[in-house]
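J.: Mind folding the following:
(chains A, B and C)
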Amino acid sequence: MSHQTLLRCPTRGRSMTEITAQVAEVVAASGIATGLAHVFVQHTSCSLLITENADPDVRRDLETLARRWAPDADPAYRHDQEGEDDMAAHARSVLTGTSLSIPVGQGRLLLGTWQGIYLWEQRHQGHTRQVVVTVLG
Amino acid sequence: MSHQTLLRCPTRGRSMTEITAQVAEVVAASGIATGLAHVFVQHTSCSLLITENADPDVRRDLETLARRWAPDADPAYRHDQEGEDDMAAHARSVLTGTSLSIPVGQGRLLLGTWQGIYLWEQRHQGHTRQVVVTVLG
Amino acid sequence: MSHQTLLRCPTRGRSMTEITAQVAEVVAASGIATGLAHVFVQHTSCSLLITENADPDVRRDLETLARRWAPDADPAYRHDQEGEDDMAAHARSVLTGTSLSIPVGQGRLLLGTWQGIYLWEQRHQGHTRQVVVTVLG
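T.: Here you go, the predicted structure:
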């Protein structure tokens, strides 16, 4: 049994947008009691992650670290047609990943208390990102 | 067809604990011959990984690298209420991920010979971590 | 419903090999209309990633960054029996992951226009890598 929905998620440039509620709605609509919810971005310059949903400083500090893992405008980059954040965005997407999967039990996402699902825009500019949610049971 | 079990896994502070046998038991109990085994931690300061199960120095060296990827007590961090390992633990969890999925064939995990499944405690203190194993087929 | 195939993929030493077409063929052969395609490498010194399929400089720049994330022949490593790329290969595999999952809709992979599926050989020497593709619906 499977259920699939395409979400269109606007972002405001490099930052994380919580999408836990949207994913939970797809799970509820699926009618699936036990299984998996899979979330996928159809892009190579944004990513998905699960992290703490309480203190916003966690997301701020992740941003600080990501600038070290893949700096903007690094002189070693060859791929820079779309600007100084172009290659950094691809690398940050590879490090943090384009998909997530979360168990579903008793018809709902089995996230821990402090876990939120975030879409991480890796470009400086905002975009509308396509997110495919698939529920299997 | 789906089967789900919650495991409670004790950790001894920052280190990796192999959980391959526990996941294999859930797969055997599921009776599912072909499909996927999905493993998920309900926390944001530990993670799951697949790495070499032979030489323990691999895990030691991963620990050495992780201290560079996300140092403890970095002066740039703002999130430090729970101590010098607090933010580093969240970042190490994001880099290595809160879920894994492994193919199931002929009723067992299709891991390579040298692959083990590890729970990586990212805090200095030990915890009992909740791990949800879901088998789909 | 599930369908599973083992692919044997030759690599030419440290570099990325696109395997999108092979995964798409397994999805077509499965006859599954809606669900997930899961790709898994049975090794700890190579990995799988989704990244831009247009400009090859993206893969070149990812290689540049990976050499910083986990340098070859780092004096801090203890695990080096198989050469200066041994431990670096394990670390690069952990950072980028041994599995991917992609939604399937209308019987095909729901990748974005610029997304390709790559097998990243992390050793200097070429190998034949075992890749398990599982389609669930």
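J.: May I have the residues that are in contact with A:Gln122?
T.: A:14, A:45-47, A:85, A:88-90, A:92-93 (Cβ atoms under 8 Å, 6 or more residues apart in numbering or on different chains). Glycine gets a C-beta too; all of them are placed from N, C-alpha and C.
J.: Inside strands: which ones of those residues?
T.: A:46-47 (DSSP state E).
J.: so, if you compare the contacts of A:Gln122, which one comes nearest to C:Arg59?
T.: A:His90 (9.5 Å; Cβ to Cβ).
J.: residues near that closest one, how many?
T.: By other Cβ atoms under 10 Å in any protein chain shown, the residues close to A:His90 number 27.
J.: what's the pLDDT at it?
T.: Note on A:His90: pLDDT of 98.
J.: isn't it right up against C:Thr64?
T.: No - under the criterion of Cβ atoms under 8 Å, A:His90 is not in contact with C:Thr64, lying 12.0 Å apart.
J.: A:Leu62 and B:Ser93 touch, don't they?
T.: No - contact criterion Cβ under 8 Å: A:Leu62 and B:Ser93 do not qualify, at 10.2 Å.
J.: Next, show the common contact partners of the two.
T.: Joint contacts of A:Leu62 and B:Ser93 (Cβ under 8 Å, 6+ apart) are A:Thr51.
J.: Mind telling me which residue of chain A is nearest chain C?
T.: Per Cβ to the nearest Cβ, the residue of chain A with the smallest distance to chain C is A:Gln42, at 3.2 Å.
J.: Look up the closest residue to that residue, ignoring the ones flanking it.
T.: C:Gly112 (3.2 Å; Cβ to Cβ, 6 or more residues apart in numbering or on different chains).
J.: And the spatially most central residue of chain A, how close does it get to chain B?
T.: Centroid-nearest residue in chain A: A:Leu48, 1.9 Å away (criterion: Cα atoms, centre = their mean). Distance of A:Leu48 to chain B, computed by Cβ to the nearest Cβ, to the nearest Å: 11 Å.
J.: same deal with A:Ala66?
T.: As for A:Ala66, its distance to chain B is 9 Å (criterion: Cβ to the nearest Cβ).
J.: hmm, the helix or strand containing that residue touching chain C?
T.: Assessed by DSSP states H and E, A:Ala66 sits inside helix A:57-69. Yes - Helix A:57-69 reaches chain C (Cβ under 8 Å from any Cβ of the partner chain) through A:Trp69.
J.: Does anything pack onto that helix? Which helices or strands?
T.: strand A:15-18, strand A:46-52, helix A:86-96, helix B:86-96 (3 or more Cβ pairs under 8 Å, 6 or more residues apart in numbering or on different chains; DSSP states H and E).
J.: Give the buried residues for that helix.
T.: With burial defined by 16 or more other Cβ atoms under 10 Å in any protein chain shown, the residues of helix A:57-69 counted as buried are A:58-62, A:65-66, A:69.
J.: returning to that earlier point: list the contacts for the residue of chain A closest to chain C?
T.: Per Cβ under 8 Å, 6+ apart, neighbours of A:Gln42: A:129-132, C:110-113, C:115.
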